[in-house]
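Undergrad: Predicted model follows, preceded by the sequence.
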Amino acid sequence: MAHPRRREEAEALARLDPAGATRVVLDPEPDGPPMAARTTKLAWSSVPDDATHFLVLQDDVQLADGFFEHARKAAERLPDDAIAFYTNWNSRNGAAVRMAAAAGADWATAVNEYAPCLALMLPAEVARGYAGYAVRNRDGWPCDVLMFRYLKALEVPIRIAVPNTVEHSGLPSVAGNDAHGLRRSACFSGTAPSTAGDVVAEHEVIPFHKHLTSECAVRGDRYWEYLGTERFLRRSGISPQECRTEFERGVDLSEAAWQTWLTAFTMGLSTVEHSGAALDQALATIGPGGLCDQLLASEIEAITPSHHDVAVWGFAAGRHRAARPRRPRGGTGIQVAITGSGGTLTEHLCGLLADLGHEIVDSARASDETRLVHLGDMADPGDVFCAIVDTGPREHVLRFATPIGPHASTETLVAHWIQLAWTRQALPVDPDRVHQFTDVRDMASAIDAVLTGGPVAPVYDIATATLTGNELAKVICAAVRAVPAEHVTSASGTPVMKLGLAAAELGWTATIPPDEAVRAFGKWLAYDTDCVR
């Protein structure tokens, strides 16, 4: 699939197919808004009647030697699965490929994220159904998110080639994706495997480095959880300070090197090492992937060798640490039960409070020593969300500005604006209106501050950010997708909370940057809102 201005490149790719079965499909509206959805629907509508599988390549790819033969063998080996041959080096699925490479697997199973559509093959009947699904879901979501939802609805797993056999060529993006920085494979080999193996990796923990931050995707019983790597290590009985001490024996002590080392360390901690070229290729992309939207291509090229060394060292340190005993996680000695109608948000807060050292118990097992946290109903999504915290001597009320993050309401103004940005629609901005929201991680830390900090006042107001309409729009455009603003006048606004009391009495301040809070909520809204793995 190609834009007419890259027809020659697309035709050159098609000629690489020794069977001559590959043809070019061009954007039917090349002068329309820059987006891939039009060509994607046309491409997936072109399945030949006699096909068993259908492969769509985008025009800005580089293929490994032997790619087409490997793709045909993959169709025979995994006949019922979607098969991706490329993953971006800063994606969660790219991290899944790294973990699979470390385990010596042939395929990685995709996690909840956009489908890797740069080079994707589907069973023919599945491929034939995509265009109709996309037409029925004309809400403007990116085509790779639509493809992810389509395959998830059909319960078709996505398997990703290890190593990747397709690389992003680095041509300028026709669809406006250059803001994502240099896009490369998480683990590319210039020569495709001679066979299509059958070892499929499905890891429970997948460390990834993105936006200069190390995080982990952790598979739960019903949904994926995403948490900072340092928090994951504490949960696992390993002190981040212990890791930091080991890291500081090195030469490069920059924050970027630390995040690369931490990601590689946690990879080593969470897998059984299978040494080889694919693992080394995978480790080499951790640092550049985490920095790709921060640095120019020349700057990424300059730091790649040193970050490769850091990643190799971190991975080895993780493997060494995996064999040693873990420390029991320390606790606050406070037993907590959460009540109310918070649903999965209650479960999520329980996990956050447990990570802060509290013992979480079911309310039916509560004793006189148990501290109760009651989450208030939110009849109107625009209303303040409350938590009543019983500290023993008395109860204290935490009034949270609009909660955002995993398992928060999808009906709030912030959620609505994020979905508008995802679907390329203008944001209705009232410059004079003030918006406040609270990241769920800051909700948990505020509850912890009341439980442990000797509160005095009966009520505390809590918010992660206080932003004007223009400021909120700027954060959402930077964290999700750049879209225009449409100035409006609001009929009414929510009263602005006064936040100083929590800082003065409890020493509590928000720790989650607004852009990180919005970015995490945006990813959850796109990939995890139905909590299906």
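TA: Nice, I can see it. Residues are numbered from 1 along each chain as shown.
Undergrad: distance of P157 from T195?
TA: Look at P157 and T195: by C-beta to C-beta, to the nearest Å, they are 21 Å apart. Bear in mind the C-beta positions are built from the backbone N, C-alpha and C, glycine included.
Undergrad: go on, P34?
TA: 40 Å.
Undergrad: repeat for P514
TA: P514 sits 49 Å away from T195 when distances are taken as C-beta to C-beta.
Undergrad: So, low pLDDT: which residues of this protein?
TA: Where the chain drops to pLDDT under 70, the residues are 138, 170-181, 273, 341-342, 377-383, 492-493, 530-533.
Undergrad: Name the single longest helix found in it.
TA: Determined from DSSP state H, the single longest helix within the chain is helix 297-322.
Undergrad: after that one comes which helix or strand?
TA: strand 335-340 (DSSP states H and E).
Undergrad: Output that next one as PDB - backbone C-alpha positions only.
TA: Provided in PDB are the C-alpha atoms of strand 335-340 (Å, rounded to 0.1, in the frame of the first residue of the first chain):
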ATOM      1  CA  GLN A 335      -4.100  -3.100  57.400                       C
ATOM      2  CA  VAL A 336      -6.500  -1.500  54.800                       C
ATOM      3  CA  ALA A 337      -9.800  -2.400  53.300                       C
ATOM      4  CA  ILE A 338     -11.400  -0.500  50.500                       C
ATOM      5  CA  THR A 339     -15.200  -0.300  50.200                       C
ATOM      6  CA  GLY A 340     -17.600   1.400  47.800                       C
END
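Undergrad: Please name the strands paired to that strand in the sheet, noting orientation.
TA: Strand 335-340 sits in its sheet next to strand 359-360 (parallel), strand 371-375 (parallel), going by DSSP bridges.
Undergrad: Redo those strands as JSON lines? Include mean neighbour count and distance to A96.
TA: Putting those into JSON lines (neighbours: other C-beta atoms under 10 Å; distance: least, C-beta to C-beta, whole Å) gives the following:
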{"stretch": "strand 359-360", "mean neighbour count": "16", "distance to A96": "29"}
{"stretch": "strand 371-375", "mean neighbour count": "20", "distance to A96": "34"}
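Undergrad: Could you dump the ones you listed into CSV with distance to I338 added?
TA: Output for the strands paired with strand 335-340, formatted as CSV (distance: least, C-beta to C-beta, whole Å):
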stretch, distance to I338
strand 359-360, 7
strand 371-375, 5
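Undergrad: Minimum distance to T285: which of those has it?
TA: Across the strands paired with strand 335-340, T285 has its closest neighbour in strand 359-360 (37.6 Å, C-beta to C-beta).
Undergrad: ok, residues contacting stretch 43-63?
TA: Under the criterion C-beta atoms under 8 Å, 6 or more residues apart in numbering, residues 1-3, 6, 9-10, 13, 16, 22-23, 25, 36, 40, 71, 75, 79, 86, 117-124, 127-128, 130-131, 134, 165-171, 173 lie in contact with stretch 43-63.
Undergrad: start to end distance for it?
TA: From its first residue to its last, stretch 43-63 covers 19 Å (C-alpha to C-alpha, to the nearest Å).
Undergrad: mind listing what's buried in stretch 51-63?
TA: Residues of stretch 51-63 classed as buried: 51, 53-63 (neighbour count, 16 or more other C-beta atoms under 10 Å).
Undergrad: show me the contacts for R399.
TA: Residues counted as contacts of R399 (C-beta under 8 Å, 6+ apart) are 384-386, 459-462, 497.
Undergrad: 7 Å instead?
TA: Contact analysis of R399 by C-beta atoms under 7 Å, 6 or more residues apart in numbering lists 384, 386, 459, 461-462, 497.
Undergrad: Which two of those residues have the greatest separation?
TA: Among the contacts of R399, C386 and M497 lie farthest apart (C-beta to C-beta), at 12.0 Å.
Undergrad: Grab the nearest non-local neighbour of S185.
TA: Spatial nearest neighbour of S185, chain neighbours left out: N164 (4.3 Å); criterion: C-beta to C-beta, 6 or more residues apart in numbering.
Undergrad: Run through the bridge partners of that neighbour.
TA: Beta-bridge partners, per DSSP bridges, of N164: F188.
Undergrad: for the residue lying farthest from the centre of the chain, what are its contacts?
TA: Distance to the chain centre peaks in the chain at P393, reaching 41.6 Å (criterion: C-alpha atoms, centre = their mean). Counting by C-beta under 7 Å, 6+ apart, P393 touches no other residue.
Undergrad: name the element it belongs to?
TA: Here P393 sits in a region with no helix or strand, counting by DSSP H and E.
Undergrad: and the longest helix of the chain, what does it pack onto?
TA: Helices and strands touching helix 297-322, by 3 or more C-beta pairs under 7 Å, 6 or more residues apart in numbering; DSSP states H and E, are helix 255-269, helix 277-284, helix 286-291.
Undergrad: So for it, what gets flagged as buried?
TA: Of the residues in helix 297-322, those buried (16+ other C-beta under 10 Å) are 300, 303-304, 306-315, 317-319, 321-322.
Undergrad: now stretch 455-470
TA: 455, 460-467, 469-470.
Undergrad: Out of the residues you listed, which is nearest to W141?
TA: G469 (24.2 Å).
Undergrad: so that closest one makes contact with D430?
TA: Yes - counting by C-beta atoms under 7 Å, G469 touches D430, with 4.8 Å between them.
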